[in-house]
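> structural data only, the sequence is not supplied:
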């Protein structure tokens, strides 16, 4: 037992040396969590050791396992918190920019109207929890939870930089796409379970739409992966730093991906699943109160994920051309996300909702061939040795 | 005169280019509105300017009112009622009371008021906690800054004048239309004298009947008459009627 | 003939509380998937006995009630009422009154059409159109305030003229509003008519033929969008429309898009009419009469008159019995007739087309149910 002074209790070890460290590379939130625990747990252990010298609790408190457990929980909380705050900022951005485009003021509560979302959240939270009597109870609740849960899950999986991630880079992209594609099924179930004709139509529409827009998206993902030569997000970002942002060679792909991303996150030109003009709220009709609030939040989480994917695949991720990763690559990444989200808002302000047959026409007859064209361009460039 | 939109007077460069034009227009608009002040008015804090002739709740100038009841009769929603109040000298007089909760703000009371006592006011913030609070008594109807525009002048032209080519002699019905007595029906009950708000009617003795009592008929002072029809409506024998001048 | 439940088709009830129904009415549609196979409009939720109420009121008191027939076309409805009583009284209107009524009517038409365009924006899922239109509409409502003292319930026409003459600087304000509006309307056109997504939603939906229009009695822009060249303002001129030079837009396609284009062009024409009427008003001396004194009682007889409402042909039928109250006042509302076309309009369309198609009818339930 060599612990004598305070400094030996609080040593700020390198988290990579931790025996249970779950990743191969450095992770900033994990490191922050580990350091925080070393401070708290070390102080606690030192105090206990002062009172009862030589006990085993003190050493257990700063053991690798406890540090790791705390760091993992801290990682989860901090990732969700950051995702949540980024979402609130995106909602705020949407309301403000939309207001300007429509010649009105947008939100007004708090500094520049930032706290309006909190107020709205509080309002939906205080609503009565109404559910239809003849619902299919199990599916009603499970589908809802899974829609929201999967949305939040993928949003938290988005890496903000080379040091801010939750799953390994090599599998992250596929995992995000996989869970992204799960939502239509849950939405269809949710639309069925509510025992409401509007929500049934909305659910069917959502499923049709999302399934048909998955395919061009995956083809585009394939072309980006082909160009970068790796499924690893880190590699894709680094490859873009080494050559150029993929928006330049794959401009068609970028446009198609933005359209698909808007459709996947059910935003206005393609929000026919909740088309409030004809299907009151679409598949969300019978989800009242905070359920609806959470669905809205989940929608924005999906929008955030879609923006993040665009930034990773086409806009160079957290790197800046010529500079590389700055001191705070996370901030660069978030700023890029807000810039991409501006395109979403812009489309929402200027375009009307598209009809279901037109949307499928666009999806299968326009976007699908365009994405294949994009893939061919990538193939040609790759074979020509440009990349 | 040509069509402006259907004939494509303005060249439309972006026609058929999908969504580029709307996207561009909205972006341009965003920059424009970011520089300019938004058109939205933050209502409780800022208020829109309303002109003097805005038809809000009715107002009453107590000292001008004679309690003739034209407003009561002209009100489409019958929200005006004559109530007894004390005037400044302590006498009990009849003055209009308005149930603003029922008022449709048509402005007829101000338009038809012969004394310009009823006015419209630009006061439109009328919310109260109870329905009883919405009943505005004669004193509460007072509005501080009554201007000429709020009196709603009635400027009708007589068709006979217009036919003669006289175009600048506006009149109002309360200046031209007068009650006329058909003497054979009158029983001399002098009810008209009592109900006349301007004391324009005086009963005069025109003779004596076979029993030696006075025969009285109303004599109408047309300069004082405001054509309120109270005498006509209260006459038990329908001996009075309004003669319209056209 | 019941053949058991048809499980592949279902009835959807849209309304009375549904975002697509502008006002309280129901459109029940039977859908096969997304395709509408049957439809049935239901109205009457807003019936308030308007015609019966009129029988207990003296003639001038009905004017503010006529305002309340339709929230966005109040001026034309009170104009129509005054017109039928004037015809019964055989009054000739002074020049100022005729031109003032034209100006007021066209201001009303523009703001009513803007309300319609705004509703089209929300029905097609774009809120920007809605807010831009309402912003422009505000300038015309301000003109209403200056002229009549209220934004919507104008109570401006009187039997024998109008309530008051133009206020100071009204002409200047009116010209400014019109000029500004024409510029802004091109901007609104840029995000509606020049957006292929917008046009695709309207093109080829809700097609009516000339025969259907004639049989159903549809009037107004919906009729002119089907190729019937008829406008009461031009073909049966009232007020001062006979002395004003304007075009009547007519398109032949008969779908939602042609109805949309007819209405947009009508707004431009209204601007032109306001300009010409204002120029004429300048030549008439300010002291000239704008209101004629009329007798209180209307001679016995029946009278019918019609007017071009923003939504179609408004008609009033007056039976007077020689007293100062009407014996019967019947209103023929254009929307009441136009909504009967709901079934042929939405048959075969998709569920998503229903708001887009019905928006072109420009529903106003106040005058429909009366």
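Right, received. Where do you want to start? Keep in mind it's a predicted model, so treat the numbers as computed, not measured. Numbers count the residues shown, from 1 in each chain, chains lettered A, B, ... in the order given.

> what is the rounded mean pLDDT of the host helix or strand of residue A:369?
For residue A:369, the host element (DSSP states H and E) is helix A:368-383. Averaged across helix A:368-383, the pLDDT comes to 88.

> and that helix, what's buried?
Across helix A:368-383, burial judged by 16 or more other CB atoms under 10 Å in any protein chain shown covers A:368, A:370-371, A:374-375, A:377-378, A:381. C-beta here means a position set from N, CA and C on the backbone, and glycine is covered the same way.

> and that helix, anywhere near chain B?
No - using CB under 8 Å from any CB of the partner chain, we find that helix A:368-383 stays clear of chain B, coming within 13.2 Å at best.

> please apply the same query to stretch C:154-166.
Yes - on the criterion CB under 8 Å from any CB, stretch C:154-166 is in touch with chain B at C:155, C:160-161, C:163-165.

> stretch C:198-210 vs chain A: in contact?
Yes - applying CB under 8 Å from any CB, one finds stretch C:198-210 touching chain A at C:198, C:200-201.

> hmm, back to that, format the buried residues of helix A:368-383 as TSV; extra columns: distance to chain C.
Formatted as TSV, those follow (distance: CB to the nearest CB, whole Å):
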residue	distance to chain C
A:368	19
A:370	16
A:371	20
A:374	22
A:375	26
A:377	25
A:378	29
A:381	31
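
> for those, work out which two are farthest apart.
Spatial extent of those (CB to CB) is set by the pair A:368 and A:381 at 20.7 Å.

> so who does the residue of chain A found nearest chain C touch?
Per CB to the nearest CB, residue A:353 is where chain A lies closest to chain C, at 2.9 Å. The contact partners of residue A:353, by CB atoms under 8 Å, 6 or more residues apart in numbering or on different chains, come to A:268-272, A:275, A:277, C:124-126, C:201, C:352.

> also residue B:87?
By CB under 8 Å, 6+ apart, the contact set of residue B:87 is B:62, B:93.

> now the residue in chain B positioned nearest to chain A: how far from chain C?
In chain B, the residue found nearest to chain A is residue B:26; the distance is 3.9 Å by CB to the nearest CB. Note on residue B:26: its distance to chain C, by CB to the nearest CB, to the nearest Å, is 6 Å.

> what's the closest non-adjacent residue to that residue?
Spatial nearest neighbour of residue B:26, excluding adjacent residues (CB to CB, 6 or more residues apart in numbering or on different chains): residue A:350 at 3.9 Å.

> now residue C:16
Spatial nearest neighbour of residue C:16, chain neighbours left out: residue C:24 (4.3 Å); criterion: CB to CB, 6+ apart.

> how is chain B divided into domains?
B:58-151, B:160-243 (automatic domain parsing).

> ranking the ones you listed by burial, who's on top?
Most buried of the domains of chain B by mean neighbour count (mean count of other CB atoms under 10 Å in any protein chain shown) is domain B:58-151; its value is a mean of 18.

> how far away from the center of its chain is it?
With CA atoms, centre = their mean, to the nearest Å as the basis, domain B:58-151 stands 10 Å off its chain's centre.

> so where's the stretch 1-150 of chain A uncertain?
Where the stretch 1-150 of chain A drops to pLDDT under 70, the residues are A:1-4.

> low-scoring stretches of chain C, by residue?
Those would be C:1-7, if you go by pLDDT under 70 across chain C.

> again with the stretch 151-300 of chain A
Low-confidence segments of the stretch 151-300 of chain A, defined by pLDDT under 70: A:169.

> can you list the buried residues in the top helix by length along chain B?
Counting residues, the longest helix found in chain B (DSSP state H) is helix B:20-35. Across helix B:20-35, burial judged by 16+ other CB under 10 Å covers B:21-26, B:29-30, B:33.

> which one of the residues you listed sits closest to residue A:172?
Distance to residue A:172 across these (CB to CB) is lowest for residue B:23, with 32.5 Å.

> just give the nearest non-adjacent residue to that closest one, would you?
In space, residue B:23 comes closest to residue A:350 once its chain neighbours are excluded; the distance is 5.1 Å by CB to CB, 6+ apart.

> quick one: residues contacting that neighbour.
By CB under 8 Å, 6+ apart, residue A:350 lies in contact with A:101, B:19, B:22-23, B:25-26, C:126, C:128, C:191, C:195.

> from residue C:88, how far off is it?
Using CB to CB, to the nearest Å, residue A:350 is found at 52 Å from residue C:88.

> report the central residue of the chain.
Assuming you mean chain A. Taking CA atoms, centre = their mean as the criterion, residue A:155 is the residue nearest the geometric centre of chain A, at 2.2 Å.

> should've been chain C
residue C:310 (2.7 Å).

> you'd agree it is up against residue C:117?
No - with contact defined as CB atoms under 8 Å, residue C:310 does not reach residue C:117; the gap is 11.5 Å.

> and the closest residue to chain A within the stretch 251-370 of chain C, helix, strand or coil?
Nearest to chain A, among the residues of the stretch 251-370 of chain C, is residue C:355, at 4.2 Å (CB to the nearest CB). Look at residue C:355: counting by DSSP: H, G, I helix; E, B strand; the rest coil, its state is helix.

> one step back: okay, and which of the contacts of residue A:353 map to helices?
Short answer: these in helices (DSSP H) are residue C:201.

> adding neighbour count, write the contacts of residue A:353 out as JSON lines.
Shown next, in JSON lines, are the contacts of residue A:353 (neighbours: other CB atoms under 10 Å in any protein chain shown):
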{"residue": "A:268", "neighbour count": "23"}
{"residue": "A:269", "neighbour count": "22"}
{"residue": "A:270", "neighbour count": "26"}
{"residue": "A:271", "neighbour count": "22"}
{"residue": "A:272", "neighbour count": "28"}
{"residue": "A:275", "neighbour count": "28"}
{"residue": "A:277", "neighbour count": "21"}
{"residue": "C:124", "neighbour count": "26"}
{"residue": "C:125", "neighbour count": "27"}
{"residue": "C:126", "neighbour count": "29"}
{"residue": "C:201", "neighbour count": "27"}
{"residue": "C:352", "neighbour count": "26"}
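
> please enumerate the strands of chain B.
B:58-60, B:80-86, B:92-99, B:118-120, B:135-136, B:178-181, B:201-208, B:214-220, B:240-243 (DSSP state E).

> note down every partner strand of the fourth one and its orientation.
It stands for strand B:118-120. strand B:58-60 (antiparallel) (DSSP bridges).

> show me what the mean pLDDT comes to for the partner strand.
88.

> pull the residues that contact it.
Here strand B:58-60 makes contact (CB under 8 Å, 6+ apart) with B:71, B:80, B:95-96, B:98, B:100, B:103, B:107, B:109-110, B:117-121, B:123, B:136, B:138, B:141-143, B:146, B:150.

> cool, and stretch C:102-109?
Residues contacting stretch C:102-109 (CB under 8 Å, 6+ apart): C:72-76, C:79, C:140, C:143-144, C:147-148, C:154, C:156-157, C:162, C:174, C:239-241, C:244, C:266-267, C:270-271, C:273-274, C:277-278, C:281, C:310.

> repeat that for stretch A:53-73.
Contact with stretch A:53-73 is made by A:1, A:3, A:9, A:13, A:15, A:18-22, A:30-31, A:33-34, A:36-38, A:41-42, A:44-46, A:48-49, as judged by CB under 8 Å, 6+ apart.

> chain C next: which of those are close?
Okay, of the contacts of stretch A:53-73, nothing touches chain C (CB under 8 Å from any CB).

> please, which helix or strand holds the residue of chain A closest to chain C?
Counting by DSSP H and E, residue A:353 is part of no helix or strand.
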